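Everything below, folded, please.
(one chain, ligands or ions: 1)
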Amino acid sequence: MPGIALVGTQWGDEGKGKVTDLLAGTVDLVVRYQGGNNAGHTIVVEGERYALHLVPTGVLYPHCIPVIGPGVVVNPQVLLEEVDTLEGRGIDTSRLLLSGNAHLIMPYHLELDRVTERRLGKNRLGTTKRGIGPAYADKATRVGLRVQDLLDPKIFSAKLEVALKEKNLLLTRVYGRLPLEPKEIEEEYLSYGERLKPFIADTALAVQKALDSGRTVLFEGAQATMLDLDHGTYPFVTSSNPVAGGACAGAGIGPRDIDQIIGIAKAYCTRVGAGPFPSEADPTDAEVMVEVGAEYGTTTGRKRRCGWYDAVAGRFAARLNTLTELVITKLDVLSAFETVKVCVAYEFEGERYEEMPPHQTIFNKCRPVYEEVPGWKEDISDARALEDLPKETRSYIDLLEQVVGKPISWLSVGPARDQIVRLAAE
Ligand code: IMP
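Coordinates of the predicted model:
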């Protein structure tokens, strides 16, 4: 199984970091293919907590090559800070490969992300304000600057001048901000370029060579299916394609290079930022999920909105990603409830929707149809095999498999690496 894609099946924060961590022992390369430092993986290795935003988790394993692919947008300052922090904690980062084709997040992207959100007022998206959307917008309109431009001061300066002319007009005339100085940006970014030079490579070629020689490559999706630019709850989405298909374009491989597609889902559901969320729990239940599940964003520290497992979204993700299996995380959090609900369908104006509704208005206004099952009210964090779980927990897992239609291979019952139950489906 040389090509494995790992994707979020909800609205992000499903605990992909822990699953990557579990797989990393057996993979040779871990490749990020989209997003930027809007992502956040928290990984606990030997009691040490690492919060990574941009550097792929593979960096924590000496045998593993971490790769930042062409589909990622890179804030070089953040990348270097992460490299320095890791080095400071004794982690060797010299194996890191950074695609020269990846686009750069520039200071005006950060500024534009902030001011456009402010301007949208109550219609704001609730972005992470990391400049992600504006950077991808420039990439699409072909005025973006790429990592490789850092290696050619002349080209960098020419491209920056073109971009900044328009951005400064926008910032000053539309948003009433001060213009940005090209010289300052140039100096800052070219100095990042000097430091990033050893990492810059043709990553698509490196990945293909690895696949061709039978090495195992993990394509690590950031964000998740419901935040996908084309398939998610637009406009409340991120600006890239977290779905498994995004790995092809974003890493530079063909669809036949992916053999196994693992979807990650929390045993319940969370989302940060604005946008529809049919299975959002009532405030009392949501608060329990927030507190027991420590549902605060790794990147922005925002409290996450919490709800019950949404099987309509689960089926949607299973189909869009052609999942081969599902991993359920944070199952232990549901121990806090007398009964547990699963949203099995949506209802709108007397009609039942088993699949994602065809129009956003229906999705915005639909009511969740719940199946409510007995909870287990028991600490399951020490379970390591299916037999260790109460029968109510096992029934809940059977229900999830049935409503999503995919086998569940692992259950995570706590944050530590060993708090995992491996199921026969694996
Ligand atoms: P952006 O990606 O910063 O442009 O934000 C767009 C939407 O995606 C907002 O609703 C964010 O809260 C959400 N988002 C972006 N990254 C993540 C993530 O890693 N986890 C959860 N939500 C995210």
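
Next, the residue in the stretch 201-350 of the chain that the ligand sits nearest to: secondary structure please.
Closest contact between the stretch 201-350 of the chain and the ligand, by CB to the nearest ligand atom, is at Gly273 (2.4 Å). C-beta coordinates here come from the backbone N, C-alpha and C atoms, glycine included. At Gly273 the chain is in coil, as set by DSSP: H, G, I helix; E, B strand; the rest coil.

I'd like to know which residues of the stretch 51-200 of the chain are adjacent to the ligand.
Counting by CB under 6 Å from any ligand atom, the stretch 51-200 of the chain comes close to the ligand at Leu125, Gly126, Thr127, Thr128, Arg130, Ile132, Gly133.

Same list (these) but as a markdown table, adding pLDDT and secondary structure.
Supplementary listing: those in a markdown table, determined by pLDDT from 0 to 100; DSSP: H, G, I helix; E, B strand; the rest coil:
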| residue | pLDDT | secondary structure |
| --- | --- | --- |
| Leu125 | 91 | coil |
| Gly126 | 91 | coil |
| Thr127 | 93 | coil |
| Thr128 | 92 | coil |
| Arg130 | 96 | coil |
| Ile132 | 98 | helix |
| Gly133 | 98 | helix |
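
PyMOL command for the buried members of those?
Buried residues among those (16 or more other CB atoms under 10 Å), as a PyMOL selection:
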select buried, resi 125+126+127+128+130+132+133
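
now the strands for the stretch 251-400 of the chain?
Secondary structure of the stretch 251-400 of the chain by DSSP state E, counting those that start in this stretch: the strands cover 260-266, 269-271, 305-307, 309-310, 325-329, 339-348, 351-353, 367-374.

any bit of the second one sitting next to the ligand?
No - applying CB under 6 Å from any ligand atom, one finds strand 269-271 separated from the ligand by no less than 6.9 Å.

Start at 24, not 1
That works, and once the first residue is 24, the last one we named lands at strand 292-294.

Neighbouring strands - and their directions - for that strand?
Take DSSP bridges as the rule and strand 292-294 pairs in its sheet with strand 328-330 (antiparallel).

what sits up against stretch 166-175?
97, 99, 121-127, 129, 158, 161, 178-179, 182-183, 185-186, 189, 212-213, 215-216, 219-220, 223 (CB atoms under 8 Å, 6 or more residues apart in numbering).

Out of those, which end up buried?
Among the contacts of stretch 166-175, those classed as buried by 16+ other CB under 10 Å are 97, 99, 121-127, 129, 158, 161, 179, 182-183, 186, 212-213, 215-216, 219, 223.

any weak-confidence spans in the stretch 124-273 of the chain?
Counting by pLDDT under 70, the stretch 124-273 of the chain shows no low-confidence range.

dump the residue contacts of Ala336.
Applying CB under 8 Å, 6+ apart, we find Ala336 in contact with Thr32, Gln33, Thr248, Met249, Cys292, Met379.

Out of those residues, which comes closest to Glu395?
Cys292 (15.4 Å; CB to CB).

you'd agree that closest one is up against Gly35?
No - the criterion here is CB atoms under 8 Å, and Cys292 misses it with Gly35 at 10.7 Å.

so what's in contact with the two at the same time?
With CB under 8 Å, 6+ apart, Cys292 and Gly35 have no common neighbours.

ok, Thr164 to the ligand distance?
Distance of Thr164 to the ligand, computed by CB to the nearest ligand atom, to the nearest Å: 17 Å.

burial measure for that residue, as a count.
10 (other CB atoms under 10 Å).

The one 3 residues further on too?
Here the count is done by other CB under 10 Å, and Gly167 has 22 residues near it.

Also Ala227?
18.

The closest residue to it other than its chain neighbours: neighbouring residues, count only.
In space, and not counting its chain neighbours, Ala227 is closest to Gly275: 2.8 Å by CB to CB, 6 or more residues apart in numbering. If you count neighbours by other CB under 10 Å, Gly275 ends up with 22.

Ok, the one 3 residues further on next?
Here the number of neighbours of Pro278 (other CB under 10 Å) works out to 11.

in the chain, which spans are helices?
With DSSP state H, the ranges of helices along the chain come out as 39-47, 99-111, 130-143, 155-163, 176-192, 205-219, 226-235, 267-274, 306-316, 334-343, 383-388, 414-427.

Any idea how many residues pack against the closest residue to the ligand within the stretch 24-173 of the chain?
Of all residues in the stretch 24-173 of the chain, Gly35 sits closest to the ligand, at 2.7 Å by CB to the nearest ligand atom. If you count neighbours by other CB under 10 Å, Gly35 ends up with 27.

quick revisit: Thr322: which of the strands of the stretch 274-423 of the chain is closest?
strand 292-294 (13.6 Å).

chain center to the closest one, what's the gap?
Relative to its chain's centre, strand 292-294 lies at 13 Å (CA atoms, centre = their mean, to the nearest Å).

Could you measure from the residue nearest to Ala227 over to Ala439?
In this view, Gly275 and Ala439 are 35 Å apart by CB to CB, to the nearest Å.

and if you look at Thr150?
Where Ala439 is concerned, Thr150 sits at a distance of 32 Å (CB to CB).

Could you do Gly94 as well?
32 Å.

So these two - more neighbours on which side?
Gly94 (25 against 14).

Test my guess that the more buried one contacts Gln57.
Yes - between Gly94 and Gln57 there is a contact at 4.6 Å, judged by CB under 8 Å.

Please enumerate the shared neighbours of those two.
What both Gly94 and Gln57 touch, as defined by CB under 8 Å, 6+ apart, is the set Ser263, Asn264, Gly269, Gly273.
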